[in-house]
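Peer 1: Just a sequence and a predicted model for now, questions to come.
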Amino acid sequence: MGFKPSGPRLTLEGYSQALLVMEAFNLKRYQLARSAALQDDSSYYFITAKAEGDDTPTRAEFREMMQTMLADRFHLKFHREMHEMPVYALVVAKGGPKFKESAPDTPFKANHGVNGRYQNIDRTQSTMEDLANDIGVDRPVLDQTGLIGKYDFKVEATPEFRIANNPDPTDITIFDALQRTLGLKLESQKANIEVLVVDHIEKPTAN
């Protein structure tokens, strides 16, 4: 799967209908309801498009164009509704946070790297919502830390799929890593999350 902008041109490679909808509306997987209308997971699309003019649109602007394309070519119809689902609340652990607020002159950084079995999140000038969005677990993560500034932080943990399929004594879960490294923890809760429900979608009309 690839999202490849080049000037006013955009190329999308290997996107199913569900992935196209997720990209167009900037959805995480849990924000797209699996409705009866959205069943075609066997077809993948290669799409090339060009915006008007010579300027390079932002990803948000490309996404607006994708929404129009889905309505015109795939005849997409949808609505939004609230679904209650399990979530993790990101909260401050006992003892308080173990990271500092960013200095005003600190350049922005948002890196995701790999170190052997570990993956890391390395950020500066970033919010707790940014961190919550970066944490890869089996359910949504909601920022409930109450910390409203911009911060520098780095956390390293073993991905859940590695622990499940090939555990190692040196593994560190994201739950442990957050508490040891950042003084934060994930608490299991339930919450109402807005999801997009596809009411109708078809194979695309011909060029």
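Peer 2: Perfect, I can see it now.
Peer 1: Kindly provide the distance from the spatially most central residue of the chain to Ala191.
Peer 2: Nearest to the mean C-alpha position of the chain, by C-alpha atoms, centre = their mean, lies Lys28 at 5.0 Å. Per C-beta to C-beta, to the nearest Å, Lys28 is found 14 Å from Ala191. Where you see a C-beta, it was placed from the backbone N, CA and C, and this is true even at glycine.
Peer 1: Need the overlap of contacts for these two.
Peer 2: Pro140 (C-beta atoms under 8 Å, 6 or more residues apart in numbering).
Peer 1: related to what we said a few turns ago, next up, the contacts around the residue nearest to the centre of the chain.
Peer 2: Met22, Pro140.
Peer 1: gap between it and Ile193?
Peer 2: Counting by C-beta to C-beta - Lys28 and Ile193 are separated by 9 Å.
Peer 1: any common contacting residues for these two?
Peer 2: With C-beta under 8 Å, 6+ apart, Lys28 and Ile193 have common neighbours Pro140.
Peer 1: Neighbours of the closest residue to Met22 other than its chain neighbours, how many?
Peer 2: Excluding its sequence neighbours, the residue lying closest to Met22 (C-beta to C-beta, 6 or more residues apart in numbering) is Leu32, at 5.6 Å. Neighbour count of Leu32, defined by other C-beta atoms under 10 Å: 19.
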